[in-house]
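# give me the fold of what follows.
(one chain, ligands or ions: 1)
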Amino acid sequence: MLRFAEEILLLILDDVSGEFARVPKWPLSCALAGGVLMDLALENRIDTDLERLFLHDPTPVGDDLLDSVLTGISESPETYDARYWVQHTAENADRIRERALERLVERGILEHREERYLWVFRSRRYPAVDGKADREVKLRIMSVLFSDEIPDPRDIAIVGLADICGLFKVLLSKRELEHATMRIAQVGKMDLIGRAVSWAVQEPRTPREKRTAHVVGSATQLPSPGNLAAVSSEGKEFVIANVDGRYYAVDGLCEHAGARLIDGGLKGCQITCPRHRWTYDMSDGRIVKPPLARRRTRSYSVRVNDGMVELVPTV
Ligand code: FES
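Predicted coordinates:
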């Protein structure tokens, strides 16, 4: 099976002349990078939610097009969102492009021809050997664009990537493009909606009735800048941080194994559990380390009402 990066190159290739359509470099680089990341996701090595891309399984896929990117993600000391990884990977898009082209030649899909003109300048062309593979990719895309059927995830992904690098302007006539514009947007949304739904299912909203404020004591209990304070209400402990005069609060017990976060360390807006060093962003409760993107602790906004401190769940 071809990888997304290979399919993108086939899409922009004129199979007879063996020349690539003129596509702006950075969007194409991002599309190639996004293709590698999508393949890693389909191989269950990485996953993303609306905020972060995280490592699911560091085991190499055994595919050199994907494994160097996987290594970069698994060795990264920090967790970043998908956009960061697309941009970061896109900086090496030339390498991805060259390797994808080599593989297409190795598989007998393209032929590599190197020519000279004016006796000095070299030009490379990659005419298709029999045009079957690139015809198949183009046909798949066309059937997604010009039918009402629900496409499969691979087709949704490739339509999204082709759209990102402005490929439809090259692939479709003006009339076809007008006809397909709504469908391109619709298919693009399927991916976003799919992600949003999966995120929402993994992390259901706190029911509205539970979003009532917890009154945790008088304002004199609020911590001074750079410090933490433990407060409680109805037997439940919370921890409040003062970060440069702004207050943040999260549940007082660690999501991992229940250690008291008040005994942990505060750095900026992040609190680290004293026991196994899980780190939470107190502004929204996200677990920053380790990168378990789908878990979080509950966070609260802090307000003072009639001299009493109230904590209101933020979600
Ligand atoms: S109890 Fe907090 S990290 Fe294990």
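# how about the strands in the stretch 201-315 of the chain?
214-218, 228-233, 236-243, 246-251, 265-267, 270-272, 279-281, 287-289, 299-305, 308-313 (DSSP state E, counting those that start in this stretch).
# of those, which is nearest residue 43?
Across the strands of the stretch 201-315 of the chain, residue 43 has its closest neighbour in strand 287-289 (24.2 Å, Cβ to Cβ). (Each C-beta comes from the backbone N, C-alpha and C, glycine too.)
# hey, least reliable of the strands of the stretch 201-315 of the chain by pLDDT?
Mean pLDDT is lowest for strand 287-289 out of those, coming in at a mean of 83.
# residues from the protein in reach of the ligand?
254, 256-257, 259, 273, 275-278 (Cβ under 6 Å from any ligand atom).
# tabulate the strands of the stretch 201-315 of the chain (JSON lines), appending mean neighbour count.
Below are the strands of the stretch 201-315 of the chain laid out as JSON lines (neighbours: other Cβ atoms under 10 Å):
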{"stretch": "strand 214-218", "mean neighbour count": "17"}
{"stretch": "strand 228-233", "mean neighbour count": "18"}
{"stretch": "strand 236-243", "mean neighbour count": "20"}
{"stretch": "strand 246-251", "mean neighbour count": "21"}
{"stretch": "strand 265-267", "mean neighbour count": "15"}
{"stretch": "strand 270-272", "mean neighbour count": "21"}
{"stretch": "strand 279-281", "mean neighbour count": "21"}
{"stretch": "strand 287-289", "mean neighbour count": "19"}
{"stretch": "strand 299-305", "mean neighbour count": "16"}
{"stretch": "strand 308-313", "mean neighbour count": "18"}
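# for the ones you listed, give me TSV that also has distance to residue 110.
Converted to TSV, the strands of the stretch 201-315 of the chain look like this (distance: least, Cβ to Cβ, whole Å):
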stretch	distance to residue 110
strand 214-218	64
strand 228-233	61
strand 236-243	56
strand 246-251	55
strand 265-267	52
strand 270-272	49
strand 279-281	47
strand 287-289	44
strand 299-305	52
strand 308-313	56
